[in-house]
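K.L.:
what follows is a predicted protein model with its sequence.
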Amino acid sequence: MSNLHLIDHPLVQHKLTLMRRKDASTSTFRTLLNELSSLMAYEVTRDMPLQDVQIETPLEPMTGRMIDGKKLVLVSILRAGNGILEGMLSVVPGARVGHIGLYRDPATLQAVEYYFKMPGDMAERDIIVVDPMLATGNSAIAAIDRLKRLKPKTIKFVCLLTCPEGIAALQLAHPDVPLYTAAIDRQLNDHGYILPGLGDAGDRIFGTK
């Protein structure tokens, strides 16, 4: 699985463990998610292209190297994906942002789209799709299906947690899309939740449960 990237930096693992604790408050969970997302962003953007630019230092002119953040689009799968956006944007503040609204049908566990808004000229852009959990994989697959119609240059998928079932589903549907995650948990339960997991990420981010 060459497209699977496990981000096992000690700081990432430390903060993820703190987030998993059931007694972590909403405020603590949000803060940790912001910090963890920033750390993950460094690894996810490691291969971003650079361009030469001419600048003046206090001593002399030089050629430096910079990324073109405006060519990057962070796509949040609503609503929980928004919890990752702030940390990612702190690392690449020039990135554009798109949103896909999906909810999981409780009976079929299939993703149903209710909102879609992207920047223009997507064919010129690199996309990073963010969602805290890759469980059944249905939402991620549906989002990437939709995004591929816009023919972007590249697509990556980033999550905090996944499991063997989610990995298999995503790689079967989109073997060309790299997957970045901080942990591969044991399995899904009968309701499509990751075990041991961290509960419902959206509810814990927004304090709705």
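P.N.:
It's in.
K.L.:
so what's the nearest residue in space to residue 153 that is not next to it in sequence up against?
P.N.:
Excluding the flanking residues, the one nearest residue 153 by CB to CB, 6 or more residues apart in numbering is residue 126, at 5.3 Å. For every residue, glycine as well, the C-beta is placed using N, CA and C. Residue 126 makes contact with 48, 71-73, 152-156, according to CB atoms under 8 Å, 6 or more residues apart in numbering.
K.L.:
which one of the residues you listed has the most neighbours?
P.N.:
residue 73 (23 neighbours; other CB atoms under 10 Å).
K.L.:
ends of stretch 182-189, what's the gap?
P.N.:
20 Å (CA to CA, to the nearest Å).
K.L.:
how about the one residue sitting closest to the centre of the chain, what does it touch?
P.N.:
When CA atoms, centre = their mean is applied to the chain, the residue found nearest the centroid is residue 130 (2.3 Å). Contacts of residue 130 were listed using CB under 8 Å, 6+ apart, and they are 37, 74-77, 81, 84-85, 88, 158-159.
K.L.:
before we move on, what about residue 44?
P.N.:
128, 156, 158, 180.
K.L.:
for residue 86, same thing?
P.N.:
34, 37.
K.L.:
per-residue confidence for it?
P.N.:
Per-residue confidence at residue 86 stands at 89 (pLDDT).
K.L.:
any idea which helix or strand comes after the helix or strand containing it?
P.N.:
Residue 86 belongs to helix 82-91 when assigned by DSSP states H and E. As assigned by DSSP H and E, the chain's next helix or strand after helix 82-91 is strand 96-104.
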